[in-house]
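>>> Here's my sequence, what's the structure:
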Amino acid sequence: MAKSSENSGKKIAREKKWNETRMIMRQPVMLLAVLLTIVLLLLFVIYPLAKVLIFGLTGEEGGFSLATLQSIFSSTRYIKTFGRTMLLGLIVAVIATFIGYVFAFTITRTNVPCKGFLKTIATLPILSPPFILSLSIIFLFGKQGLITNTLLGIKDNDVYGMGSLIVVQVMSFFPIAYMTLSGILESIDASVEDAACNMGAGRWKTFWTVTFPLSLPGIISGCLLVFIQSLEDFSNPATIGGDFTTLSVEVYQIITGSYDMRKGSVLAILLLLPAMVAFLLNKYWVNKKSFVTVTGKPTQARKLMNEPHIKWPLFAFCMVVAAVIILFYGTVVFGSFVTTWGRDYTFTLAQYQRALAYGWDSLKNSMVLGLASALIGGLLGMIIAYITAKRNYFGKRFIEVSSVLMFAVPGTVLGISYVLGFNSIDVFGHKFSLTGTALILIIVFTFRNMPVAIESGTTTLLQIDNSIEEASTILGADSGYSFRRITLPMLRNAFFSGIVYSFVKAITAVSAVIFLVSPRWNLVTSKIYTLFDQAKYSQAAAFVTMLVVILLVFIGIFNTLINLLLAPRSKVPQAKNAARLEKTEGTK
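Next up is the predicted model:
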C-alpha cells in the first residue's frame, strides 16, 4: 500500500515536471535562458574540470594510466604535503568556527554594547585582499618585526610556518562561520529557549540542551565551509607558509618550476576531491539535518541575556579578537607610509609612488575585468536563480549542481583546468588560444564567483509569492518582461550582494588566475605576489591599502546605482496618472 502510494506520488511529480517542461518550450525567452545556461555551464564548468581529470589519468603516450598517481603516492613528500593540508584545514575549521560561534552568540543572544562595531569587524576580512594578514604578521613578528625586534629585542625571529599560517587563516575565514551561524541562531524560535528556562533550566543547561543542538547543523556547515576555504587558500601559504607547504602551493611549484603539467594535474585532483566531498556534504546532507524551528505564528521578542557573568566574558573575548584584527590592519596601513620598515619609520608617500609606477596598469586591469565579471556574473546569477527557483523541469538538477560547483573548486585547480581546456582550441580547423586574454579572465571570475549571487537570488525568490508573476502573465506580459520589470527589482539586495562579492573576489583573486595572466593582462594581485618574492613589503602594503580603499569606494557606488536602477517604479505611473487625470478634469 505504501509502495503504491509512493509510486503514485512519483508519477504525479514526473507529470508535473513534463508539463512545466512543455510550458517552458512554448516560451521563447525562458527556453533560450535555460538552453543558454546549460551550454555555458557545460563549456565553462564541466568541460574544464573533465579536462583535468582526463589529462591527469592519461599516460604520456595516451590511454588510461595510473602511473603518475602511483609515483605521487610512492613519494613521502607528497603524502606529507597532503596530510599537512588536511591537518591545517581541520585545525583552522575548528578554531574559526568556535570564534564565529562566539561572535554570533554574543551578537544575537546577549545585551552587549558596540554590536554594530562587532558586526563590522566580523565581516571585514571578507572584503580585504588575501595578503593583508600575512603582511601584518611579517611586519609585527618578522626579523624586523615591530613587536619581536623593536619592543622585545628578539633578533631574526622566524615568522614563517604552520603557527603563523593557522593564525592568518583563522582570522581570514572565521567570518564565514559567523555569517552562517548568526543566521541559524536568529532563526531559532525564542519560545523554545524560554520554555526551557520556565521549566527551571539555567542558562548553561538551556544552551547545551536546546540552543546548541538546534544550531549544530550550522556549526557543521560552518566547519565544512571554512575547511573548503583553507584547502583553496594559495596566497597565505605561498607568502608565509615557509617550509610548511600545502597542496595548492605544491601544484604551483611543480607546474612553474618543473613544468610537469601531468603531475600538477594529478595533485590538483587530490586537492579537488576533499573539497568536493566537503561541499557536497554541506549542500546535500547538512542542509537536510536542520533542526531549527521556524513557524509562521507570531512570537514574543527574544529576551537578551543581561547577566554580567555571561555577557562581559563573551564581550571581552570578541573585543580581543577585534583588537587583533584592528592591529593587523592598522599595521599594514602604517607600514605603507614608512620609509623602511624596521629601520626608518619616517612618514613618506614614496611607497605609493613606487607602487603606482610599478603596477598602475595591473591595477587598472583588475578594476576593469572585475567590473565586467561582476556585472555579468551578478545578472547571470539572478537568471539562473530565477529558472531554478521558480520552475521545475528536466535539466533543472544539472543547472542547480553545476552552477554552484565552482565554489568547491580550489583556485589552483580552476587555473589548471582552464589552461588545459582553452590553451589550444580548434574550431573548424582554426586554432586559437584564450589563455592570456582578457576574455578568459572575465570568464573565470564570472563562473568562479557566481554561486554567491545564485544562492542569494534563490533564497530571495523562494520568499516571493508566485501570484505576483502570474498576475503579470494574465495581463499579457511574457516571462522576460515579468522578470525584468517585476522580479529583478525585488532581487535588488541579492543582486547587490552578488555583484559586491564577485567584484571583491575578482580584485583579490590569486590562485585562480596565477596561470592565466599575461604581460598584456597582468593583475594587481600578481604584482603584489611578486613584491612578496622580492621582499618589498612596504610597496606591497601600499598596494594592499589602495585595494581596500578601492573596494570600499566601489561598494558604495554599486549600492547607489542599484538602488537607483532597480528602485520600485510604482511612484512614476502614479504621478503620470495623477497628471493625466488633472488634465482631463480641467478639459471638462
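
>>> can we go C-alpha only for contacts and neighbour counts from here?
OK.

>>> Can you check which helix is longest in this structure?
Using DSSP state H, we find that the single longest helix of the chain is helix 350-389.

>>> quick check, distance from that one to the centre of its chain.
The chain centre lies 15 Å from the centre of helix 350-389; the measure is CA atoms, centre = their mean, to the nearest Å.

>>> cool, and stretch 159-178?
Chain-centre distance of stretch 159-178: 16 Å, with CA atoms, centre = their mean.

>>> do the same with stretch 438-450
14 Å.

>>> And stretch 114-129, by the same measure?
15 Å.

>>> what's the average pLDDT for that stretch?
Per-residue pLDDT over stretch 114-129 has a mean of 84.

>>> list the contacts for residue 450?
Applying CA atoms under 8 Å, 6 or more residues apart in numbering to residue 450 gives the contacts 377-378, 380-381, 403-404, 498, 502.

>>> hmm, try it at 6 Å
Contacts for residue 450 (CA atoms under 6 Å, 6 or more residues apart in numbering) come out as 377, 381.

>>> Figure out the helix or strand that it lives in.
Assigned by DSSP states H and E, residue 450 falls within helix 438-461.

>>> tilt between that helix and helix 350-389?
Angle of helix 438-461 versus helix 350-389, following axes from the mean of the first three to the mean of the last three CA atoms, to 10 degrees, is 50 degrees.

>>> buried ones in helix 438-461?
If you call a residue buried by 16 or more other CA atoms under 10 Å, then helix 438-461 has these buried ones: 438, 440-458, 460-461.

>>> number of nearby residues for the nearest residue to residue 228 once chain neighbours are set aside?
Excluding the flanking residues, the one nearest residue 228 by CA to CA, 6 or more residues apart in numbering is residue 275, at 5.3 Å. Other residues near residue 275 come to 24 when the count uses other CA atoms under 10 Å.

>>> what's the angle between the helix or strand encompassing residue 402 and helix 350-389?
Using DSSP H and E, residue 402 falls within helix 396-403. Angle, helix 396-403 to helix 350-389, by the same axes, to 10 degrees: 170 degrees.

>>> How far away from the center of its chain is the following helix or strand past helix 396-403?
Using DSSP H and E, the next helix or strand after helix 396-403 towards the C-terminus is helix 411-422. Offset of helix 411-422 from its chain centre (CA atoms, centre = their mean): 19 Å.

>>> by contact count, what packs against helix 411-422?
Counting by 3 or more CA pairs under 6 Å, 6 or more residues apart in numbering; DSSP states H and E, the packing neighbours recorded for helix 411-422 are helix 47-56.

>>> Report all helices and strands that the helix it packs on contacts.
Secondary-structure packing of helix 47-56 (3+ CA pairs under 6 Å, 6+ apart): helix 261-281, helix 411-422.

>>> Let's have the ones you listed in TSV, adding distance to residue 124 and mean pLDDT.
Formatted as TSV, those follow (distance: least, CA to CA, whole Å; pLDDT from 0 to 100):
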stretch	distance to residue 124	mean pLDDT
helix 261-281	24	85
helix 411-422	22	88
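
>>> how about these, which one is nearest residue 249?
helix 411-422 (8.4 Å; CA to CA).

>>> For the closest one, give me every contacting residue.
Taking CA under 6 Å, 6+ apart as the rule, helix 411-422 contacts 48-49, 52, 268, 434, 511-513, 515.

>>> Just the buried residues of those.
Buried among those (16+ other CA under 10 Å): 48-49, 52, 268, 434, 511-513, 515.

>>> Tell me the one among these nearest to residue 354.
The closest of the buried ones among the contacts of helix 411-422, once distances to residue 354 are taken by CA to CA, is residue 513, at 24.1 Å.

>>> Am I right that the closest one falls within a helix?
No - checked against DSSP: H, G, I helix; E, B strand; the rest coil, residue 513 lies outside a helix; its state is coil.

>>> Look at the residue nearest to it when sequence neighbours are not counted and say how many residues are nearby.
Closest residue in space to residue 513, ignoring its immediate chain neighbours: residue 415 at 5.9 Å, by CA to CA, 6+ apart. Number of residues near residue 415 (other CA under 10 Å) recorded here: 24.

>>> again, but for residue 51
Around residue 51 there are 18 residues (other CA under 10 Å).

>>> Then residue 58?
18.

>>> Would you confirm that it contacts residue 67?
No - contact criterion CA atoms under 6 Å: residue 58 and residue 67 do not qualify, at 8.7 Å.

>>> sec struct for residue 113, please.
coil.

>>> contacting residues for residue 218?
Applying CA under 6 Å, 6+ apart to residue 218 gives the contacts residue 181.

>>> so when I look at it, I'm seeing a strand, right?
No - looking at residue 218 with three-state DSSP, it is helix, so not inside a strand.

>>> Please report the distance of residue 150 from residue 228.
Going from residue 150 to residue 228 by CA to CA, to the nearest Å gives 37 Å.

>>> of the two, who's got more company?
Remark: of residue 150 and residue 228, residue 228 carries more neighbours, 25 against 16, as counted by other CA under 10 Å.

>>> which stretch of helix or strand covers that one?
Per DSSP H and E: helix 212-232 holds residue 228.

>>> pLDDT score for the residue lying closest to residue 266 once chain neighbours are set aside?
Leaving aside its sequence neighbours, residue 266 sits nearest to residue 56 (CA to CA, 6+ apart; 4.9 Å). At residue 56, the model reports a pLDDT of 84.

>>> just to revisit the earlier point, identify, from the buried ones among the contacts of helix 411-422, the entry nearest to residue 101.
residue 511 (28.7 Å).

>>> List the residues that contact the closest one.
234, 411-412.

>>> if I look at it, how far off is residue 491?
For residue 511, the distance to residue 491 - CA to CA - is 31 Å.

>>> what does residue 243 give?
47 Å.

>>> try residue 498
Taking CA to CA, one finds residue 498 at 10 Å from residue 491.

>>> Kindly report the same for residue 551.
Residue 551 is 22 Å from residue 491, by CA to CA.

>>> How about residue 521?
The gap separating residue 521 from residue 491 is 33 Å, by CA to CA.

>>> again with residue 169
32 Å.

>>> who has more neighbours, those two?
Using other CA under 10 Å as the criterion, residue 169 and residue 491 rank with residue 169 on top: 26 against 22.

>>> check contacts around that one.
Contacts of residue 169 by CA under 6 Å, 6+ apart: none found.

>>> would it count as being in a strand?
No - judged by three-state DSSP, residue 169 forms no part of a strand; its state is helix.

>>> any idea of the pLDDT on it?
93.

>>> same check, this time on residue 302
The predicted local confidence for residue 302 is 66.

>>> Distance of the closest residue in space to residue 49 that isn't next to it in sequence relative to residue 525?
Spatial nearest neighbour of residue 49, excluding adjacent residues (CA to CA, 6+ apart): residue 417 at 5.7 Å. According to CA to CA, residue 417 and residue 525 sit 20 Å apart.

>>> Now do stretch 535-547: distance to the chain's middle.
The answer for stretch 535-547 is 24 Å, by CA atoms, centre = their mean.

>>> What helix or strand is the closest residue to residue 437 other than its chain neighbours located in?
Spatial nearest neighbour of residue 437, excluding adjacent residues (CA to CA, 6+ apart): residue 521 at 6.6 Å. If you go by DSSP H and E, residue 521 is not part of any helix or strand.

>>> count of neighbours near residue 521?
Applying other CA under 10 Å, we find 18 residues neighbouring residue 521.
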